[in-house]
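K.L.:
A predicted structure for the sequence below; I have some questions about it.
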Amino acid sequence: MPYLLPTIESWSDWSATFNDVDLWRPVIDAICDSEGIRYRSIQIPRSNTNAVFILDSQLVVKIYSPFWSEFDMEATLIEVLGANRTIPVPEIVAAGRYHDRVSWNYLIMEYLDGLTLDAVRPDSARRDLLRIATEVGRMTRSLHETPINPLGGVDTGESWDDMVDRRRRETLPELAGSGIITPQVSDALNVILEEVVANSNRSPRVVVHGDLESDHILLGRKDREWKITSVIDFGDAKIGVRDYEWMPLWLGLFDRDIEAMRVFLEAYDRSLLTDEELPRRVMAWTLLHDFGSDAITELIEKTNTPTPVVTLGELRQILWPGLEELFDVCGEARFYLRSDLLPRDLPE
């Protein structure tokens, strides 16, 4: 039988093909035929890195990239969350593998309509936006309280410790190599990363979504208020430390809105607002996040910030402006970079 797909051997091959409806339609037809599904129309969502297609605004077919292991974690976690009924997630209609040159894992899920925070923000009152931040805080707390035992044997392709070690090696060379930070700033950040990673070994492990940005939290109106109608795309979920969750929320969903972040933390765990080490961990896990270097680079470009950034204080104001205010509200903790841990000649 002739193959339906071309040879896909690299990220370049994948990025050129995964959104091509005409290319994937025969595969979708074959999968749907095997699952007894009929459809008329196909759309692609606004944001994805897998081959994702919306059928008749009723179903979502997600065919996973062969270059990373997301299928097992996402399928298992959605089943666990759906059974717990603590977080609104799409129902899985079918799951399987389709063979065409290689085996392609796929999920078919119900399509849940909703608006993103980016879509509703321009026309929403400030109080509505803060209510959404509160909703997200409660939802994230529920996610992090999810028992991890059912996920213990799930194949994620890379262990948490291996991911942290890899990002520990990659992140500062990436930023320094692209001219975003100076070697002096890199040296100072290296000290912070070393300390935070060492301390994280004593932190409890929780389920983290890994990419709680605007496209992955869908909203709808209920009783004249915005409510979370669905949380989607658990492909980047991990069993790790909860601080890994903050970067997409801070730089993505809340777009560095300090008041929204404060309200989120109040709903999630108010004790974090008096945790004087939190800003250092936020800084470190922004860098250690799998998408951290890309997010920082994108922000630097969006804000037309001159590079290289030559001090930690300047970098802090670009990436984490207003964190002092976050703690001033409670009148206790303050953002600080401990001078005893900085290279002697580096200005703060």
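P.N.:
Cool, the structure landed. Numbering: from 1, shown residues only.

K.L.:
residue 98 is in what secondary structure piece?
P.N.:
strand 92-100 (DSSP states H and E).

K.L.:
list the helices and strands that strand packs on?
P.N.:
With contacts defined as 3 or more Cβ pairs under 8 Å, 6 or more residues apart in numbering; DSSP states H and E, strand 92-100 has these neighbours: helix 21-35, helix 71-84, strand 102-110. Backbone N, C-alpha and C define where each C-beta goes, glycine included.

K.L.:
of all those, which one is nearest residue 9?
P.N.:
Across the helices and strands packed on strand 92-100, residue 9 has its closest neighbour in strand 102-110 (9.7 Å, Cβ to Cβ).

K.L.:
which other residues reach the closest one?
P.N.:
8, 27, 31, 35, 37, 58-64, 66, 71, 74-75, 78, 90-98 (Cβ atoms under 8 Å, 6 or more residues apart in numbering).

K.L.:
from the chain's centre, how far out does the helix or strand containing residue 134 sit?
P.N.:
Element membership for residue 134, per DSSP H and E: helix 126-144. Centroid separation between helix 126-144 and its chain, computed with Cα atoms, centre = their mean, to the nearest Å, is 16 Å.

K.L.:
between that helix and helix 71-84, how many degrees?
P.N.:
110 degrees (axes from the mean of the first three to the mean of the last three Cα atoms, to 10 degrees).

K.L.:
what sits up against the strand holding residue 98?
P.N.:
Applying Cβ under 8 Å, 6+ apart, the set of residues contacting strand 92-100 from outside is 3-5, 27, 30-31, 34-35, 37, 59, 63, 75, 78-79, 82, 103-110.

K.L.:
how about residue 220, phi and psi?
P.N.:
Dihedral angles of residue 220 (phi, psi; degrees, to the nearest 10) stand at phi -150, psi 160.

K.L.:
sec struct for residue 158, please.
P.N.:
Following DSSP: H, G, I helix; E, B strand; the rest coil, residue 158 is assigned to coil.

K.L.:
tell me who's in contact with it.
P.N.:
69, 166.

K.L.:
for it, give its distance to residue 31.
P.N.:
Between residue 158 and residue 31 the computed distance is 27 Å (Cβ to Cβ, to the nearest Å).

K.L.:
now residue 227
P.N.:
From residue 227 across to residue 31, the span is 33 Å (Cβ to Cβ).

K.L.:
the two: which has the busier surroundings?
P.N.:
residue 31 (20 against 15; other Cβ atoms under 10 Å).

K.L.:
ok, the more buried one touching residue 55?
P.N.:
No. Counting by Cβ atoms under 8 Å, residue 31 sits too far from residue 55 to count as a contact (10.5 Å).

K.L.:
can you give me the neighbour number for residue 303?
P.N.:
Residue 303: 9 surrounding residues under other Cβ under 10 Å.

K.L.:
where does this protein dip in pLDDT?
P.N.:
Residue ranges of the chain with pLDDT under 70: 1, 324, 327-348.

K.L.:
quickly list the domain ranges of the protein.
P.N.:
If you go by automatic domain parsing, the domain ranges for the chain are 11-110, 117-341.

K.L.:
ok now the shortest one, how far from the chain's centre?
P.N.:
Domain 11-110 sits 19 Å away from the centroid of its parent chain (Cα atoms, centre = their mean).

K.L.:
neighbouring strands of the strand holding residue 98 in the sheet, and parallel or not?
P.N.:
Paired neighbours of strand 92-100 in the sheet (DSSP bridges): strand 102-110 (antiparallel).

K.L.:
the spatially most central residue of the chain - nearest residue in space that isn't next to it in sequence?
P.N.:
Nearest residue to the geometric centre of the chain (Cα atoms, centre = their mean): residue 211, 1.0 Å. Take residue 211 and drop its neighbours on the chain: the residue closest to it by Cβ to Cβ, 6 or more residues apart in numbering is residue 236, 4.6 Å away.

K.L.:
got the contact list for the one you found?
P.N.:
Contact analysis of residue 236 by Cβ under 8 Å, 6+ apart lists 70, 209-211, 290.

K.L.:
so who does residue 261 touch?
P.N.:
Per Cβ under 8 Å, 6+ apart, neighbours of residue 261: 133, 249-250, 254, 326.

K.L.:
which ones among those are found in helices?
P.N.:
Among the contacts of residue 261, the members falling in helices (DSSP state H) are 133, 326.

K.L.:
of the contacts of residue 261, buried ones?
P.N.:
Applying 16 or more other Cβ atoms under 10 Å to the contacts of residue 261, the neighbour count classes 133, 249-250, 254, 326 as buried.

K.L.:
any idea which of the residues you listed is the one closest to residue 242?
P.N.:
Set against residue 242, the nearest of the buried ones among the contacts of residue 261 by Cβ to Cβ is residue 249 (11.2 Å).

K.L.:
quick one: that closest one and residue 212 touch, right?
P.N.:
Yes. If you go by Cβ under 8 Å, residue 249 and residue 212 touch, sitting 5.3 Å apart.

K.L.:
appreciated, that's everything.
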